[in-house]
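1. Show me how the following folds:
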Amino acid sequence: MTMNLWQKLRTSLGVLFITLFVMATPVYAAGGGALIMSLGLLLGSAMLISMVLTRFNQPILLAFVVAGAVGGLVAGNEAAMAIANGPLIAGFAEIGIVLLLFMAGMSVNLREITNRSKLVLYNGIGQLVVVMVVMLLLAGGIIDGIGTEGLFFVAICLSLSSTLVAQSALSYSGSEGSLHGQLAGGIMLLQDLVAVVAIVLLEGQMRDAGGITGMGMAFIKMLVLMAVLSSLSRYVLEKVFKFLSESPELMFVTALGYCMGVAAVCDTMGFSQEGGAFFAGVFLGIIPQKLEIEDKVNPLKTFGVILFFLTLGFRMVTLEPGAMGSAFGLAVVLAVIVLVIKPVAMLITGWATRLKGRPAFLLGGTINHCSEFSLIIALICRETGLFSDYVFALVTLTVLFSMFFAAISHLYLGTLYNMLRGSLRFIDKRSSNYELEGDFALENHVVVLSYNELAAEIAGHYAEKGEKVLMMDLDPEITEFFRKKEGSNIVPLYADMEDPDVWKQFAFEKAKVVVSCLVEGQEMELGIAAYLAEHAPDTPFIATTSSHDEALELYEAGVRYVIQTDFLASKSFRKVFEEEMGKSTKEAFLQKGKDHWDATRQIQEELGAIFKFV
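-> Alright, predicted model coming up:
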């Protein structure tokens, strides 16, 4: 324990030393001028603030906004305005936005929508519409002196959710692969597309005739741009980047030039350069060299985005006197409303789409904040005159407070669900009554939790013995597949596997064996282990993990056997390796690879549409 404390202290001191060194270097090398000194101090202070905020699970972008605001207050209004509006810093911030949208486009993965197409579209669009209507009515009632278009964009800013914060929450809980995690990924993609379209239409309204005409022209230009970039990517870019793949430097320069070139052409033709960068990324992301390009461009994008949020903090200081102060209290209230209304809206759409209470609640609780794209939209609205300084301050503060509050709430999402689980019964009653179809005896039965390749192997073992397997899963597409599949020994049940009432209703204590095939998270396994230890200590419970630490924790909780996937895979591969390395180089692994290919294709043919979930 003492050694761990010393290591933590040594690490903290090391980080602090490096931070102070970074902060002091620009001052020491004062020949770089005021710009370098200011930038160095800002980045250094942002590092210190980010160290504090990340300690409390806060998004790191908040640190840069706060650092910019603090720097602006220290420098004074005139100096802050000079720095924020200076050509170099403003240029870096503009590059950051373009690269942010370019990389957001490259990260677009349509599979995140198609994996759960109906649930993503219905819940994503439904929740966004419900929240936008509420925010539109709310903004109309509390904001004076703003036009209809301004109210519309206020509602958009408060309705969109942050992809960065949502991904952080899912990563923290280890639930990226869960149903609500997959739905959150698809919904975030949908909202990013909505944000980009909003930016395109907003700039189209600003550039062209204004109003509906300008937005209509922007929409037509967007469709033409997508068609051109799609053809360019398919017939030209793939060959170019394949040729450049052996030179990382050339690939970096070419990708950067392509991004900036498309943005510049779009700007010249009267189309949004941010929208051009996004769609350039979308269609570049379909070529095989996508990951290599992302690795090369991402650091520069990060630096540009940091500068954007720093200058955003400066701009907040340069607003009209009193704008920030008068908006502060209302922004806190609006952020709390966002925190509450988004999960409520998701419960409504979850009820309509027959989602269970748990995934609906966790999904709503994961996206209960505003988006980083909202800050970009708000800034453009201020520059176009749609937002006054007060409205800009109100929206910006609401976005930042919502991120702050949401990051805290994500730490206690599971606890909140347990507290409110009884109130969510109405959703469970609507979605399923937990009844099995056909004749299935709930005694000496086999229970498998969550369907994947491991579950398929277990079911296959019992199929050879002529026994049925009760398989629970929270994915309606998987349960529906096995419900319609003739000849399968899998009896599917769409049920919340973390609900103790389910364990009791389907007699886990009377089962021959209970096997959890969920790799991520341990809360359910620990709960089932405690339940069986109390009601049926002789019933074997098998859990799955990929972690050594989690394996030990599960054993200590009373799990009979832990399927540690990496451990078993390494042991299995060692046997394969020993067998194959005794062969000639021409034959080594050849037949093994062919057998694996054939087996995987057979699984694909058997599972059809749900193969992508295995």
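2. Any regions of the stretch 151-300 of the chain where pLDDT drops low?
-> The stretch 151-300 of the chain contains residues with pLDDT under 70 at 177, 204-215.
3. how does it look with 80?
-> 172-179, 201, 203-219, 245-248, 269-272, 289-291, 294, 296-300 (pLDDT under 80).
4. Please, where are all the strands along it?
-> Secondary structure of the stretch 151-300 of the chain by DSSP state E, counting those that start in this stretch: no strands are present.
5. separation between the nearest residue to F426 once chain neighbours are set aside and A441?
-> The shortest distance from F426 to any non-neighbouring residue, by C-beta to C-beta, 6 or more residues apart in numbering, is to W351 (7.2 Å). Just so you know, the C-beta spots here come from the backbone N, C-alpha and C atoms, and that holds for glycine as well. Separation of W351 from A441 (C-beta to C-beta, to the nearest Å): 33 Å.
6. out of these two, which sits in the more crowded spot?
-> Taking other C-beta atoms under 10 Å, W351 and A441 do not tie; W351 has more neighbours (18 against 9).
7. what kind of secondary structure is that one in?
-> helix (DSSP: H, G, I helix; E, B strand; the rest coil).
8. Next: the one 10 residues further on.
-> The three-state label for F361, taken from three-state DSSP, comes out as helix.
9. Just to be sure, V515 is in a strand?
-> Yes: counting by three-state DSSP, V515 is found in a strand.
10. Pull the contacting residues for it.
-> By C-beta atoms under 8 Å, 6 or more residues apart in numbering, the residues touching V515 are 446-449, 455, 458, 541-542, 544.
11. Cross those against helices and list the overlap.
-> Cross-referencing the contacts of V515 against helices under DSSP state H gives 455, 458.
12. Against A198, how distant is the spatially most central residue of the chain?
-> By C-alpha atoms, centre = their mean, the mean C-alpha position of the chain lies nearest to Q167, the distance being 3.1 Å. Distance of Q167 to A198, computed by C-beta to C-beta: 21 Å.
13. now S231
-> 26 Å.
14. Compare these two and say which one has the larger neighbour count.
-> Counted by other C-beta under 10 Å, S231 and A198 do not tie: A198 has more neighbours, with 22 against 11.
15. Once you drop chain neighbours, what's closest to the more buried one?
-> Take A198 and drop its neighbours on the chain: the residue closest to it by C-beta to C-beta, 6+ apart is I156, 5.3 Å away.
16. was I right about that neighbour contacting I376?
-> No: judged on C-beta atoms under 8 Å, I156 makes no contact with I376 at a distance of 11.4 Å.
17. Quick check: neighbours shared by the two?
-> Common contact partners of I156 and I376 (C-beta under 8 Å, 6+ apart): A195.
18. neighbour count winner among these two?
-> Shown here are I156 and I376; by other C-beta under 10 Å, I156 has more neighbours (27 against 22).
19. give the contact list for that one.
-> By C-beta under 8 Å, 6+ apart, the residues touching I156 are 132, 194-195, 198, 374, 377.
20. could you redo those as TSV and give each row distance to A463?
-> Shown next, in TSV, are these (distance: C-beta to C-beta, whole Å):
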residue	distance to A463
M132	49
V194	45
A195	48
A198	52
S374	52
I377	54
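21. and which of those residues is nearest to A277?
-> Closest approach to A277 among the contacts of I156 (C-beta to C-beta): A195, at 13.2 Å.
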